[in-house]
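Q: For reference, the sequence and a predicted model appear below.
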Amino acid sequence: MASNTTREVLFDLSPVLIVYTDGTVERLMGTPNVPPSPEDSTTGVASKDIIVLSPEVKARLFLPKLVDPTQKLPVLVYYHGGGFIVDSPYCLNFHRYMNILAAEAKALIISVEYRLAPEHLLPIAYEDSWTAIQWVASHAIANANIEKDPWVTKHGDFGKLYIGGDSAGANIAHNIVLRTGVEPLPGDVKILGLFLSCPYFWGSKPVGSQSKNDLKGFAYKVWMCVYPSAAGGIDNPMINPFAEDAPCLSGLACSRLLVCLAVKDAFTPRGILYVETMKKSGWNGEMQLAVVDGEDHEFHVNDPYSEKAKDLIQNMASFISKSGIEIQQKTSWTQANSEKRFLTCTQSLQNGSCGNFSWCDPPMYHKSIEIMPGLLKSRNAYEKQVLKLQRQNNVFEFKSWVFGFLCGCVIMWIFGGK
């Protein structure tokens with residue numbers, strides 16, 4: 001008699017992953033792993049793999065071409081995306097992305113390999129990531145009891161330490177920087193800046209145009225799979241920084257922040273809320289927001305060679321390589337202007353608000369909305385400005401139609417009369 005080999009599904013996270021009740025995990029997608037290289041053929045960046053303190057925590061290091069053999073570089077500790085369940089620093093997409101970012105930013109990047117769920121449920125990924133940042137910071141201590149890496153020791157500038165990540169990695173980066181506000185890093189090393197790209201934040205309450213049905217979709221299912229024991233479930237502060245018991249965002253232990261979002265991404269409304277909450281929290285730092293029109297989740301990782309991805313990566317690189325944010329005096333957001341591919345909002349919280357002009361789904365209009373920092377104080381004011389331009393455009397189009405119609409009538413009358 002044939003045995004029944006049908007397996008019962010515990011979590012169906014198609015098209016990414018399926019978990020069965022017998023403990024089997026089937027990963028359905030992901031890019032292939034690639035080896036490190038002493039010199040990338042496109043960027044010239046060198047990469048290598050290392051073990052961080054223990055075999056469970058690893059990293060791939062990326063070192064750009066040096067002008068001087070003793071050159072000091074900004075240090076970026078980066079956490080990859082993948083919903084805590086797929087991908088690694090070794091997969092093609094993230095390896096390629098790190099090569100490009102290291103070359104553009106002229107930064108030493110430590111891309112952390114944390115253990116994945118559901119084989120290793122959260123908070124293991126958070127703890128692995130914390131171990132990695134502690135190891136990096138320990139290089140600033142002369143007699144640290146660790147095996148130091150020569151690239152980090154020789155080229156790392158610990159006065160320019162950055163933390164960053166995409167998607168689930170951005171979630172990790174946010175929680176790491178909050179934690180450093182409570183638990184100082186070895187040598188009292190400070191984090192200068194944080195960048196979050198398409199951050200994976202969720203919750204039980206709708207944000208923006210979300211419906212209650214949206215809240216039980218893929219993002220919810222992933223969290224319940226990777227952290228089933230989380231207190232508060234989907235409103236645990238690790239996934240919902242706006243929950244009632246979440247630590248105040250003013251405790252973010254860095255002085256610079258860059259948030260990068262994509263208009264079509266389901267996580268963008270919470271990314272916007274994150275920026276707005278930061279502005280109201282009393283956090284004393286500089287903030288920059290980039291919202292990319294017409295793109296979806298992690299588009300710059302999946303295709304870093306598109307024009308919009310190139311622009312965004314250059315923006316990230318500039319954030320890392322420059323010692324301070326240059327406040328933008330004027331920003332254009334338009335679909336007709338092909339040269340301006342994404343909206344940026346740059347502000348210093350010490351200098352007041354830059355205005356709420358970051359709401360997504362830009363309307364179809366042919367004129368550029370030019371916004372001075374501090375000009376538009378509310379979403380209502382922004383929407384009124386958009387409607388005004390739309391009316392002006394509609395009037396112009398109607399006048400053009402009437403003019404064309406009359407010209408046609410005159411031509412027909414002239415030739416018809418003959």
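A: In hand now; what should we look at?
Q: Just give me the neighbour total for Val34.
A: For Val34, the tally of surrounding residues (other CB atoms under 10 Å) stands at 15. Yep, even glycine has a C-beta here, placed from its N, CA and C like the rest.
Q: From the recorded domain assignment, give the ranges for the protein.
A: When the chain is parsed with automatic domain parsing, its domains come out as 9-377, 390-418.
Q: Quick one: those domains as a markdown table, columns for mean pLDDT too.
A: Formatted as a markdown table, the domains of the chain follow (pLDDT from 0 to 100):
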| stretch | mean pLDDT |
| --- | --- |
| domain 9-377 | 87 |
| domain 390-418 | 57 |
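Q: Give me whichever of the ones you listed is most buried.
A: Each of the domains of the chain was scored by mean neighbour count; the highest is domain 9-377, a mean of 18, by mean count of other CB atoms under 10 Å.
Q: what's the span of stretch 173-189 from first residue to last?
A: Stretch 173-189 has its terminal residues 16 Å apart, counting by CA to CA, to the nearest Å.
Q: brain fart, stretch 61-81
A: The first-to-last residue distance of stretch 61-81 comes to 17 Å (CA to CA).
Q: now stretch 163-174
A: Taking CA to CA, the first and last residues of stretch 163-174 lie 9 Å apart.
Q: Other residues contacting that stretch?
A: Contacts of stretch 163-174 with the rest of the structure, by CB atoms under 8 Å, 6 or more residues apart in numbering, involve 76-84, 114, 125-126, 129, 133, 176-177, 191, 193-201, 238-239, 241, 252, 254, 267, 297-298, 301, 316.
Q: List the ones among those residues that fall in strands.
A: 76-79, 193-197 (DSSP state E).
Q: Format the residues you listed as CSV; extra columns: distance to Asn171.
A: Converted to CSV, those look like this (distance: CB to CB, whole Å):
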residue, distance to Asn171
Leu76, 17
Val77, 15
Tyr78, 13
Tyr79, 8
Gly193, 17
Leu194, 12
Phe195, 13
Leu196, 8
Ser197, 11
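Q: just curious, which of these is nearest to Pro15?
A: Closest to Pro15 out of the ones in strands among the contacts of stretch 163-174 is Ser197 (21.9 Å), distances taken as CB to CB.
Q: ok, the closest one touching Thr268?
A: No - in terms of CB atoms under 8 Å, Ser197 does not count as a neighbour of Thr268; the distance is 11.4 Å.
Q: OK, contacts around the most centrally placed residue in the chain?
A: The central residue of the chain, meaning the one whose C-alpha is nearest the mean C-alpha position (CA atoms, centre = their mean), is Ser197 at 0.3 Å. Residues near Ser197 by CB under 8 Å, 6+ apart: 164-167, 170, 260, 298, 300, 316.
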